[in-house]
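J.: no sequence on hand, only this structure:
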């Protein structure tokens, strides 16, 4: 079984991509909705929360864990890999490899404050290419805008223009959407950066990596969703991210897993 | 000593008002920055977090606790009062009394999703006036906008216009800012609703209630701030809310208090 976790429900877009590519394998998803968002929080706290999420999923006999959260992938993926024997995949390397396939030399990266501040995207790109040029920008309002369904109006356009101005000036040809929420705003983002810039989200390439690691083994089944809080109106928002209806939803006290 | 808590750092505006009115009394503040925001979360979870915050402050020998968080005040103030013997003040009743002093008959209320959904403002107003007319609106994006320093630009104006349209149509004469973050946006809000609408924030009337309960007893001193997470850049943002520099800051594992 595949385990996937994220700070909230954005990671369900990664679950959707995995289920599409692998023919609906059984997936256990944990979303830390009691403590979302991670982006503005400290490195130590994000690490503590990520360890609790990983411990929880490892009690469910998963054979592979996908860290769907860019902030966690950026800040403590190596720490998680060193602590647990289960294979763990983050979302940064797959996104970077995809961007390098497309780029002609200038990559832009947007993400949460935590992701951008960590420098993880910059290091991952530099690790694979010594010559590509990089510019990054934290866009902290994109998460609440996407969660509130503000995905296509003039206010969002102005905020996107504000955030993306330095990247547009830079002349990027490829833009990595370094947060699972951002694909919901891709219409507006594409409008602001222009049609010639290729937008890259990591969900599809994460799914490819999962397929190669699963070696053909996969059992069809449901998505079982665990959340640390079940907020009012979750099912509607969750189905939007997942692309299918949510049948199997439970609450878990994740702070008890350490 | 006076204890004050909030889901994050917005409640420091209430601390500022208390210190102004009472001549800088010693205050212990707890901000649950590890789990902010409370607004979109479930009632059960908000109640659990509020109990932990109250237990933490009660270990500090405070003689009075101010719940500076509107969402907590709206959802579980009575529960806290029934569980603890220390006097506990919320921010809703003081704000409502102030609004009733000003209104000629039509009050608007804005707040987080949790605050508005709880119906607490509507009940508090109705408890004091059978005739005043009320209209409410949740404005969930105002908190992240204020926290990101988006307090005065065209995008915020458009979002405020979107949220406040139904209240303006309603013809309110008084608008309660039912969230400690909203005073940071009062310039824009006033522009959208027009100069004739009186904006009410509860900080000043909460301070008056604290003064009347403290019976003249008060020891001058510092503000001691405890946070469940110390995010990068906190000191700058915190001083902005508090109106003085922050000298006494510690981290606390609030989930251990139950």
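T.: Perfect, I can see it now. Since this is a predicted model, take the numbers as computed values, not measurements.
J.: the closest residue in space to residue A:222 that isn't next to it in sequence: neighbour count?
T.: Closest residue to residue A:222 apart from its sequence neighbours, by Cβ to Cβ, 6 or more residues apart in numbering or on different chains: residue A:248 at 5.3 Å. Every residue, glycine included, has its C-beta placed from N, CA and C. Number of residues near residue A:248 (other Cβ atoms under 10 Å in any protein chain shown) recorded here: 12.
J.: same deal with residue A:13?
T.: 23.
J.: ok, residue A:78 next?
T.: Residue A:78, neighbours per other Cβ under 10 Å, totals 11.
J.: now it: which helix or strand?
T.: Secondary structure from DSSP states H and E places residue A:78 in helix A:70-83.
J.: buried ones in that helix?
T.: A:70-77, A:80-81 (16 or more other Cβ atoms under 10 Å in any protein chain shown).
J.: which members of those additionally contact chain B?
T.: For chain B, no contacts are drawn from the buried residues of helix A:70-83 by Cβ under 8 Å from any Cβ of the partner chain.
J.: following the helix holding residue A:78, which helix or strand comes up?
T.: Scanning forward in sequence from helix A:70-83 by DSSP H and E, the next helix or strand is strand A:88-89.
J.: and that next one, which strands flank it?
T.: strand A:64-67 (parallel) (DSSP bridges).
J.: got the contact list for the partner strand?
T.: A:2-6, A:14, A:18, A:50, A:54, A:57-58, A:73, A:77, A:80, A:84, A:86-91, A:206, A:210, A:213-214 (Cβ atoms under 8 Å, 6 or more residues apart in numbering or on different chains).
J.: mind doing that once more with 7 Å?
T.: A:2-5, A:14, A:54, A:57, A:73, A:77, A:80, A:86-91, A:206, A:210, A:213-214 (Cβ atoms under 7 Å, 6 or more residues apart in numbering or on different chains).
J.: one more: stretch A:223-241?
T.: Contacts of stretch A:223-241 (Cβ under 7 Å, 6+ apart): A:9-10, A:12-13, A:15, A:27-35, A:242, A:245-246, A:248-252, A:254, B:40-42, B:45, B:117.
J.: circling back to that earlier point, how much space between the residue nearest to residue A:222 and residue B:86?
T.: 43 Å (Cβ to Cβ, to the nearest Å).
J.: again with residue A:102
T.: 60 Å.
J.: before we move on, the earlier item: buried subset of the contacts of strand A:64-67 as a PyMOL selection?
T.: Buried residues within the contacts of strand A:64-67, by 16+ other Cβ under 10 Å, are selected in PyMOL with:
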select buried, chain A and resi 2+3+4+5+14+54+57+73+77+80+88+89+90+91+206+210+214
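J.: show me the contacts for residue A:191.
T.: With Cβ under 7 Å, 6+ apart, residue A:191 has these contacts: residue A:157.
J.: average pLDDT for the host helix or strand of it?
T.: Per DSSP H and E, residue A:191 falls inside helix A:186-193. Mean pLDDT, helix A:186-193: 97.
J.: stretch A:115-126 too?
T.: 96.
J.: contact partners of it?
T.: Taking Cβ under 7 Å, 6+ apart as the rule, stretch A:115-126 contacts A:70-71, A:74-75, A:92-93, A:96, A:107, A:109, A:111, A:132, A:134, A:136-138, A:176, A:178-179, B:232.
J.: next, residue A:87: phi, psi?
T.: phi -60, psi 130 (degrees, to the nearest 10).
J.: which of the residues in the helix holding residue A:191 are buried?
T.: Neighbour-count burial for helix A:186-193 [16+ other Cβ under 10 Å]: A:188-189, A:192-193.
J.: what's the first helix or strand after that helix?
T.: Following helix A:186-193 in sequence, per DSSP H and E, is strand A:198-200.
J.: just list what the next helix or strand after that next one packs against, helices and strands only.
T.: Using DSSP H and E, the helix or strand that follows strand A:198-200 in sequence is helix A:203-214. Helix A:203-214 sits against helix A:12-22, strand A:64-67, strand A:88-89, helix A:92-102, with contacts defined as 3 or more Cβ pairs under 7 Å, 6 or more residues apart in numbering or on different chains; DSSP states H and E.
J.: most packed of the ones you listed?
T.: strand A:64-67 (a mean of 25; mean count of other Cβ atoms under 10 Å in any protein chain shown).
J.: so for that strand, what's the average pLDDT?
T.: If you average the pLDDT values across strand A:64-67, you get 98.
J.: would you mind giving the domain segments of chain A?
T.: A:2-91+A:204-256, A:92-201 (automatic domain parsing).
J.: what residues does chain A have near chain B?
T.: Applying Cβ under 7 Å from any Cβ of the partner chain, we find that chain A lies next to chain B at A:34-35, A:40-42, A:45, A:117, A:140-141, A:144, A:148, A:150, A:154-155, A:158-159, A:229-232, A:255.
J.: can you tell me which of those end up in helices?
T.: Counted as lying in helices by DSSP state H, out of the residues of chain A next to chain B, are A:45, A:117, A:144, A:154-155, A:158-159.
J.: any chance of those in CSV with neighbour count as columns?
T.: Conversion of those to CSV gives the following (neighbours: other Cβ atoms under 10 Å in any protein chain shown):
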residue, neighbour count
A:45, 21
A:117, 18
A:144, 21
A:154, 13
A:155, 21
A:158, 18
A:159, 27
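J.: now for these: which two are most distant?
T.: A:45 and A:154 (35.5 Å; Cβ to Cβ).
J.: could you give the angle of the lowest-mean-pLDDT helix or strand in chain A to helix A:12-22?
T.: Here the helix or strand of chain A ranked lowest by mean pLDDT, DSSP states H and E is helix A:234-242, holding a mean of 85. Here helix A:234-242 points in a direction 50 degrees away from that of helix A:12-22 (axes from the mean of the first three to the mean of the last three Cα atoms, to 10 degrees).
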